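Trainee: predicted model and sequence follow; I will ask about them next.
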Amino acid sequence: MRVRPAAGTVQRKPHTNISIYSNRPAGKVGAVLDPRERTYRAIERRAPDRVPAFFSTLPGAQRDLGSALGCIWQEYPQDIKTFGYPSTEEFSGKAGVPAIDRWGAAWNSASDDVKGQVVEHPLADWGNLSTFSWPEPLGWIEFESARSYLHSDRGQHYVLADGDTLFQRMMYLRGIEALFVDLITGTDEVTELRDRIRDYMIARIRRWNGIGVDGIYFRDDWGSQESLLINPKLWRGFFKPTYAELFAAVHAGDAHVFFHSDGMIAAIIPDLIEIGVDVIHPQMQVLGAGTLARQYGEQLSFMCDPDRQHILPYGTPHDVEQHIHQTLATLSHAQGGVIGWGEIGPDVPLENTRAMVRAFAEWRYR
């Protein structure tokens, strides 16, 4: 059994290019790998035995499917364990009941099953900036939970920690319309806001690195269904350098960078590659799996996100399996390059949930 190296002794090379990572144990060709090794091989394109996978379950699905989900997880164990995204952060928690996140933003939702929205922005008035109480980045239970898990798991599973959000956090604190005006006018306050959030995120990245996680997952939805939400030139000037700092901090701890962003983000994918994203989690149905594979398949690994709008909730189990197998075949090649993921919402039937999980577990590289 391979034991996770202590913090500061990880053997993976500093980030340069995904295709040259080669210093993980070679193992035996055709051997069944542990989940952590399987995931490293998939990301670093070193011929995993199968596609590693993990899943997200919304509260409504957990409520409706109950113990049946536990049976599925027992039959098809997940390869990746996640930490750092508590339900009380960026999620109202219960319909009609406002919740305050650790930044002081007030959330509300009309349903237990969706994230909800911010109804009170602490920095809607820039006059509040000078007295704003910035959250303490490190004194939270997720760090101790991850540390305890790593000790008990002994390196068997890939551990993915939440790196938080930059752009969306700015929206939550300032409000979306006000923030867009600030970005166009280039106020000193919006730069300070970006930098204070960056400092918070880097402090957390360093703590995750010290604990010894394998990857850090960032999440900012940058696209509408048609285009980037702001001019790509503005994104490159204002946000790209900050993301580069964040990703460099992850690679300094010898971990992988995961980046999630919904919508049409094609304009900035080359930039994300340039500044060090290892695994991208895009909205496949908007960008097209074939396009992603052709243009970026040699430079990125992908999280495969099945169609949550149509196929998962309304298709048959056969539709689900066929859709996932086709997407995996498009995105991956014999050496890896893809991680399975799916979100189980309250509109996804149990048999479709099982079909999704089974499809990932049974698919093999050709």
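Mentor: Perfect, I can see it now. Numbers count the residues shown, from 1 in each chain.

Trainee: CA only for contacts and neighbour counts going forward, please
Mentor: Noted.

Trainee: for the residue of the chain positioned farthest from its centre, give me its contacts.
Mentor: When each C-alpha in the chain is compared with the mean C-alpha position (C-alpha atoms, centre = their mean), residue 127 comes out farthest, at 33.5 Å. Going by C-alpha atoms under 8 Å, 6 or more residues apart in numbering, residue 127 touches no other residue.

Trainee: which SS class is it?
Mentor: What DSSP: H, G, I helix; E, B strand; the rest coil gives for residue 127 is helix.

Trainee: ok, it to residue 188 distance?
Mentor: 13 Å (C-alpha to C-alpha, to the nearest Å).

Trainee: endpoints of stretch 147-164, how far apart?
Mentor: End-to-end for stretch 147-164, by C-alpha to C-alpha: 18 Å.

Trainee: now the helix or strand bottoming out on mean pLDDT in the chain: buried residues?
Mentor: Sorting the helices and strands of the chain by mean pLDDT, DSSP states H and E puts helix 59-65 at the bottom, at a mean of 86. Buried positions in helix 59-65, judged by neighbour count with 16 or more other C-alpha atoms under 10 Å: 59, 60, 61, 62.

Trainee: reformat the residues you listed as JSON lines; add distance to residue 94.
Mentor: Below are the buried residues of helix 59-65 laid out as JSON lines (distance: C-alpha to C-alpha, whole Å):
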{"residue": "59", "distance to residue 94": "10"}
{"residue": "60", "distance to residue 94": "11"}
{"residue": "61", "distance to residue 94": "14"}
{"residue": "62", "distance to residue 94": "14"}
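
Trainee: the residue nearest the centre of the chain in helix, strand or coil?
Mentor: By C-alpha atoms, centre = their mean, the chain has its centre lying nearest to residue 217, at 4.1 Å. Following three-state DSSP, the label given to residue 217 is strand.

Trainee: can you give me the helices in the stretch 1-150 of the chain?
Mentor: With DSSP state H, counting those that start in this stretch, the ranges of helices along the stretch 1-150 of the chain come out as 35-44, 59-65, 67-75, 141-153.

Trainee: show me what the least confident helix or strand of the chain is packed against.
Mentor: Packed against helix 59-65 by the contact rule (3 or more C-alpha pairs under 8 Å, 6 or more residues apart in numbering; DSSP states H and E) you find no helix or strand.

Trainee: what's in contact with stretch 228-236?
Mentor: Against stretch 228-236 from outside (C-alpha under 8 Å, 6+ apart): 222, 223, 263, 264, 265, 267, 268, 271.

Trainee: are any of the residues you listed buried, and which?
Mentor: Counted by 16+ other C-alpha under 10 Å, those give 222, 223, 263, 264, 265, 268, 271 as buried.

Trainee: between those, which is closest to residue 192?
Mentor: residue 222 (20.6 Å; C-alpha to C-alpha).

Trainee: start and end of stretch 116-125, how far apart?
Mentor: 22 Å.

Trainee: now do the contacts for residue 165.
Mentor: Residue 165 makes contact with 218, 219, 220 under the criterion C-alpha under 8 Å, 6+ apart.

Trainee: can you report how many residues lie near the second one?
Mentor: It refers to residue 219. When neighbours are counted by other C-alpha atoms under 10 Å, residue 219 registers 18.
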